[in-house]
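**Student:** When you get a sec, could you give me coordinates for this:
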Amino acid sequence: MSKSKNNGVDPQALIDTYGADTARLFIMFAAPPEQSLEWSDAGVEGAYRFLRRIWKAVHDHVAAGVVPACRSSAELPDALKDLRRKLHQTITKVKDDYGRRQQFNTAVAAVMELLNAYDKADLSAAHGRALAQEILEAVVLMLFPIVPHLGQVAYAELKPGADASQAAFPSVDTAALAQDEIELVLQVNGKLRGSLRVAATADKSAIESAALASEAAQKFMEGKPAKKVVVVPGRLVNIVV
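**Tutor:** Residues are numbered from 1 along each chain as shown. Have a look, this model is predicted:
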């Protein structure tokens, strides 16, 4: 968009309709700061809907009662440990995107992914409620530099009397990032055939054995012997028959 091409868009109309937070979020998410921004009405609507999702999540959580935030993964069931790991992976990424990389669009995308995982999780039990509190506090603070109006109000709802502008950026719990198990993509002859969970410390030989013994591999190998097993650490296992 440029004045010379007479296709500029006055952001004031966007602010009047959706608010300044939506305008900032759309601009930050639509393109990296060093690139030109392509206007999109659908993108503006998407930014607005995302902020409404955050507000609804905060409202629904607070309506059920504010609780102390989760501070450890030790007592969480495995599914919630995975969600808390994703939270702290997101904090790590957003902090790096803001500080070192200065890529605000990817920071917003990471928070969107976290909120998607939050929406899919069952957080109704006591441990889940505490984790929900931790996630929502972190989401609000991670986005506060971009959407301060929503952030200020939402944070005060989550922590009555607290001021988001005075709060520290969420800290990373390195213990939450530790994994007992990892999930690898399982392929047979290069085609996706399932997934495989193995111990995070498993060596190549153990991964090969687990892959060959898996039900999915046995099904698609059709009784044929494996010619080769390719292990890409942390990513996938491919059985060649």
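
**Student:** Which elements pack onto the longest helix belonging to the chain?
**Tutor:** Across the chain, the longest stretch assigned as helix under DSSP state H is helix 41-63. Applying 3 or more C-beta pairs under 8 Å, 6 or more residues apart in numbering; DSSP states H and E, one finds that helix 41-63 contacts helix 11-18, helix 20-30, helix 104-120, helix 126-143, helix 148-158. Every residue, glycine included, has its C-beta placed from N, CA and C.

**Student:** Also compute the angle for that helix relative to helix 20-30, please.
**Tutor:** Here helix 41-63 runs at an angle of 120 degrees relative to helix 20-30 (axes from the mean of the first three to the mean of the last three C-alpha atoms, to 10 degrees).

**Student:** low-confidence ranges in this structure?
**Tutor:** 1-10, 33, 37 (pLDDT under 70).

**Student:** And the residue nearest the centre of the chain, how close does it get to Asp97?
**Tutor:** Centroid check for the chain by C-alpha atoms, centre = their mean gives Leu114 as the closest residue, at 2.7 Å. Leu114 is 13 Å from Asp97, where distance means C-beta to C-beta, to the nearest Å.

**Student:** How about Pro225?
**Tutor:** The value you get for Pro225 to Asp97, if C-beta to C-beta is used, is 47 Å.

**Student:** In terms of neighbours, single out the busier of these two.
**Tutor:** A direct count of neighbours by other C-beta atoms under 10 Å for Pro225 and Asp97 places Asp97 higher, at 19 against 7.

**Student:** number of nearby residues for the residue lying closest to the more buried one once chain neighbours are set aside?
**Tutor:** Distance criterion C-beta to C-beta, 6 or more residues apart in numbering; nearest residue to Asp97, sequence neighbours excluded, is Ala107 at 3.8 Å. Ala107 has 24 neighbours, counted by other C-beta under 10 Å.

**Student:** Contacts only, for Ala107.
**Tutor:** Residues counted as contacts of Ala107 (C-beta atoms under 8 Å, 6 or more residues apart in numbering) are 93-94, 97-98, 142.

**Student:** Nearest to Leu136 among those?
**Tutor:** Sorting the contacts of Ala107 by distance to Leu136 puts Met142 at the head of the list, at 10.7 Å, by C-beta to C-beta.

**Student:** Any figure for the gap between the closest residue to that closest one other than its chain neighbours and Leu114?
**Tutor:** Of all residues not flanking Met142 in the chain, Val94 sits nearest, at 4.9 Å (C-beta to C-beta, 6+ apart). Computed as C-beta to C-beta, the Val94 to Leu114 distance reads 9 Å.

**Student:** what's the answer for Arg71, then?
**Tutor:** Arg71 is 18 Å from Leu114, by C-beta to C-beta.

**Student:** what do you get for Ala69?
**Tutor:** Taking C-beta to C-beta, one finds Ala69 at 15 Å from Leu114.

**Student:** now Ser40
**Tutor:** 23 Å.

**Student:** repeat for Asp60
**Tutor:** Distance check for Asp60 against Leu114: by C-beta to C-beta, it reads 17 Å.

**Student:** For Ala121, give me phi and psi.
**Tutor:** phi -90, psi 150 (degrees, to the nearest 10).
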